[in-house]
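Novice: need the 3D shape of this:
(chains A and B)
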2 protein chains.
Amino acid sequence: MGQTPYLRLDVAVMEANLAAAAAACARVGAALRPHAKTHKCPQIADLQLAAGALGLTVATIGEAEVFAAAGATDLFIGYPLWVDEDSRVRLATLQNAGVRLRVGCDSIEAATRLIGLDLEVLIELDSGHHRSGISVERTGELAVELGELGVDVAGAFTFPGHSYSPDAGADAAAQEAATLAQARDELRAVGIEPRVLSGGSTPSLNHSGTVADELRPGVYVFGDAQQVELGTIGFDQVALTVMSTVVSHAGGRVICDAGSKALGADRAPWATGYGRVLDVPDARIVALSEHHATIEWPGPLPRLGTTVAVMPNHACNAVNLNEYYQLSSGGRWPVAARGRNN
Amino acid sequence: MGQTPYLRLDVAVMEANLAAAAAACARVGAALRPHAKTHKCPQIADLQLAAGALGLTVATIGEAEVFAAAGATDLFIGYPLWVDEDSRVRLATLQNAGVRLRVGCDSIEAATRLIGLDLEVLIELDSGHHRSGISVERTGELAVELGELGVDVAGAFTFPGHSYSPDAGADAAAQEAATLAQARDELRAVGIEPRVLSGGSTPSLNHSGTVADELRPGVYVFGDAQQVELGTIGFDQVALTVMSTVVSHAGGRVICDAGSKALGADRAPWATGYGRVLDVPDARIVALSEHHATIEWPGPLPRLGTTVAVMPNHACNAVNLNEYYQLSSGGRWPVAARGRNN
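Specialist: Here you go, the predicted model:
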């Protein structure tokens, strides 16, 4: 199966996750437009689309290019793009290739750089995560300004990222719904009937209401230690692990060769460590270097050379550190959009 | 200069860092064997060697292969390797290509897998970082066991990684020196004259004593926000930045497009944020998503579209997320050993 550390994907577990998300969206009448930044892999995107996804969300033009080259025809770049001349050419090239392209925007300045591109634009709203996105009260005003520039305001989107905190999923989903509902009213008040109201995150997915037309979770496809510790899923729903080898227990703890260059260095304030061990729930990864995970292990230590399956805290960053997935069913899939940060 | 986010390397600042480290080693009579996992770049390794470095340290066999292919002839894999059949072939191939190869070891089990490879082995010691490495009192005992296997014990090494804490550099250097001195005595007591006692880390470098024969700092070549916040260096000694664009300030804070997929997600408990802004010491990166840095900015916000130079917290992980360095002097150098985790 290759030398550790490497990414292992349990395809059957992933397929169950795809079906569960499709069902969650169906229950609230929303389309599923999964965020492909999590997997960066056309083969996985194809499975998402086959399981009923409407199209894909991506974070960058570079990711859009990779998925378009692999056949994707409906892409939302869920990001407030700042478009320079080079980006204009790349966006136009995607459109000319027949891709239906939507992009995010949260300022008149960014919108002026979209003039003439004939893109559908979604206004980004802050529903409580306090990252990018305008306050919803400004939706009508910005929509009018964008309209005056000739920009096609297709609707609005938000990322309820404040769902990434213990017991926050339901509240974040409620704020998402309230924000999108108010945005719809704001847009209608200025004469725009929104064609799409878009929300979604993995921890809030199962709490979603009926306001959003589409939901954009990303991590749900794999699951990870964060989702387990947030209570979104159980260990048995985690499809992605970094396979590692016990290389030392000289100090009475287990040292594995999966470090921050394999797992990513993510550690939220509420996390119990730098990842979790799939088959040993009581183990804790108490320290992480680039090539060492220091694990406090319950009971007798596994022998040197033992293979340990580590769940990264944050699947998206772990995937981006690797060139391919080693499949449980045999074979490999590429992380085709790895490193496509722009 | 390319679309953001991208890595920018100020070559003049880096060369000043190389000279300073060479001087620091000369003051204590130690050779410099820089850790090349920081830069993963043969062009930078060549500059280090030209500035007086004795050879290179690497973390993995894969890194050793990249640097050997680029001409390196003296490599220490500073890691307690667990060698399987494939790794044996790769190590032998490196030796057959004329590379002088040393590797780390901290157990009899790992040593049995080195038999017949005719490598020089350095026993790894824990000098207070509590990661891999044996307690120094066990040095003589393990050396004898390794010798009975026919393994060539060339000496000992330690990484004083507990230097990565405020005001810890001097104490870590003192513990490193005491550990290496005791290891020398332990080895002599069992009839082994150590050919090398190896230590070093960037925060402890300027506190090094005269015990170590060689020092292996890595980050010193670039500097990063961690080193600034530890007080190891000043802002003007940071050679590496991630160039980013202000894409939003809808919420009254600056949002740049350098997220954890460009900077890495490292944040030590004592860090003030997820990196620092090179030219704005009072700015703080208070949140980090994959493609967003949320910056609390002192005074008037920079206009949308402004380019901001962000110092990653941990240079090694930021570099590994990129394919190349954009040089201040023009041109690019590749991150040739990117992702070589095994």
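Novice: which non-adjacent residue is nearest A:Ser165?
Specialist: A:Trp270 (6.5 Å; Cβ to Cβ, 6 or more residues apart in numbering or on different chains). C-beta here means a position set from N, CA and C on the backbone, and glycine is covered the same way.
Novice: kindly report the same for A:Ile295.
Specialist: Closest residue to A:Ile295 apart from its sequence neighbours, by Cβ to Cβ, 6+ apart: A:Val254 at 4.1 Å.
Novice: ok, the residue nearest to A:Ser165 - contacts?
Specialist: A:Ser165, A:Pro166, A:Glu229 (Cβ atoms under 8 Å, 6 or more residues apart in numbering or on different chains).
Novice: make it 10 Å
Specialist: A:Tyr164, A:Ser165, A:Pro166, A:Ala168, A:Gln226, A:Glu229, A:Leu230 (Cβ atoms under 10 Å, 6 or more residues apart in numbering or on different chains).
Novice: and the residue nearest to the fourth one when sequence neighbours are not counted, how far from A:Pro203?
Specialist: Spatial nearest neighbour of A:Ala168, chain neighbours left out: A:His162 (6.0 Å); criterion: Cβ to Cβ, 6+ apart. The spacing between A:His162 and A:Pro203, counted by Cβ to Cβ, to the nearest Å, is 9 Å.
Novice: can you give me the neighbour number for A:Arg195?
Specialist: The tally of other residues near A:Arg195 (other Cβ atoms under 10 Å in any protein chain shown) stands at 14.
Novice: backbone dihedrals for the residue of the stretch 51-200 of chain A found nearest chain B, both of them.
Specialist: Taking Cβ to the nearest Cβ, chain B has its nearest neighbour within the stretch 51-200 of chain A at A:Ser132, 3.8 Å off. Phi and psi for A:Ser132, reported as degrees, to the nearest 10, are phi -80, psi 170.
Novice: mind checking the SS state of the residue nearest to A:Ser165?
Specialist: Here A:Trp270 is recorded as coil under DSSP: H, G, I helix; E, B strand; the rest coil.
Novice: overlap in contacts, A:His162 and A:Pro203.
Specialist: With Cβ under 10 Å, 6+ apart as the test, A:His162 and A:Pro203 both reach A:Ala168, A:Gly169, A:Ala172.
Novice: drop anything exposed from the residues you listed.
Specialist: A:Ala168, A:Gly169, A:Ala172 (16 or more other Cβ atoms under 10 Å in any protein chain shown).
Novice: remind me which residues of chain A are low pLDDT?
Specialist: Across chain A, the ranges flagged by pLDDT under 70 are A:1-2.
Novice: what's the longest strand in it?
Specialist: strand A:240-248 (DSSP state E).
Novice: just want the residue of the stretch 151-300 of chain A that's nearest chain B.
Specialist: A:Ser248 (3.8 Å).
Novice: just checking, that residue touches B:Gly133?
Specialist: Yes - counting by Cβ atoms under 10 Å, A:Ser248 does reach B:Gly133; the two are 7.5 Å apart.
Novice: quick one: which of these two has more around it?
Specialist: When neighbours are counted by other Cβ under 10 Å, A:Ser248 and B:Gly133 differ, and A:Ser248 comes out ahead with 28 against 25.
Novice: you'd agree A:Leu304 is up against B:Val83?
Specialist: No - between A:Leu304 and B:Val83 there is no contact under Cβ under 10 Å: 11.3 Å.
Novice: find residues that contact each of the two.
Specialist: Common neighbours of A:Leu304 and B:Val83 (Cβ under 10 Å, 6+ apart) are B:Ala110, B:Arg113.
Novice: which SSE is A:Ala154 in?
Specialist: strand A:152-158 (DSSP states H and E).
Novice: ok, that strand: who's next to it in the sheet?
Specialist: Paired neighbours of strand A:152-158 in the sheet (DSSP bridges): strand A:120-125 (parallel), strand A:196-199 (parallel).
Novice: pipe these into JSON lines and attach mean neighbour count per row.
Specialist: JSON lines is the format used below for those (neighbours: other Cβ atoms under 10 Å in any protein chain shown):
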{"stretch": "strand A:120-125", "mean neighbour count": "26"}
{"stretch": "strand A:196-199", "mean neighbour count": "26"}
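Novice: do you know which of those lies nearest B:Ala258?
Specialist: strand A:120-125 (18.3 Å; Cβ to Cβ).
Novice: which one of the buried ones among the shared contacts of A:His162 and A:Pro203 is nearest A:Val280?
Specialist: In terms of Cβ to Cβ, no member of those lies closer to A:Val280 than A:Gly169, at 26.2 Å.
Novice: check contacts around the spatially most central residue of chain A.
Specialist: For chain A, the residue sitting closest to the mean C-alpha position, by Cα atoms, centre = their mean, is A:Gly218 at 3.1 Å. Shown in contact with A:Gly218 (Cβ under 10 Å, 6+ apart): A:34-39, A:57, A:59, A:78, A:159, A:200-202, A:315-316, B:290.
Novice: can you tell me which of those end up in strands?
Specialist: A:Thr57, A:Gly78.
Novice: so which of the contacts of A:Gly218 sit within helices?
Specialist: Filtering these for membership in helices, criterion DSSP state H, returns A:Ala315, A:Cys316.
Novice: can you say which of the contacts of A:Gly218 are buried?
Specialist: A:34-39, A:57, A:59, A:78, A:159, A:200-202, A:315-316, B:290.
Novice: give me the number of residues near the closest residue to A:Gln95 other than its chain neighbours?
Specialist: Leaving aside its sequence neighbours, A:Gln95 sits nearest to A:Leu101 (Cβ to Cβ, 6+ apart; 5.7 Å). The tally of other residues near A:Leu101 (other Cβ under 10 Å) stands at 22.
Novice: so A:Leu101 makes contact with A:Gly78?
Specialist: No - A:Leu101 is beyond contact range of A:Gly78, at 11.8 Å (criterion: Cβ under 10 Å).
Novice: ok, back up a step: residue contacts, the residue of the stretch 51-200 of chain A closest to chain B?
Specialist: A:79-80, A:104-107, A:124-126, A:159, B:247-251, B:253, B:255, B:289, B:291-292, B:294.
Novice: at 7 Å instead, please
Specialist: By Cβ atoms under 7 Å, 6 or more residues apart in numbering or on different chains, A:Ser132 lies in contact with A:Pro80, A:Asp106, A:Glu124, B:Val247, B:Ser248, B:Ala250, B:Ile255, B:His292.
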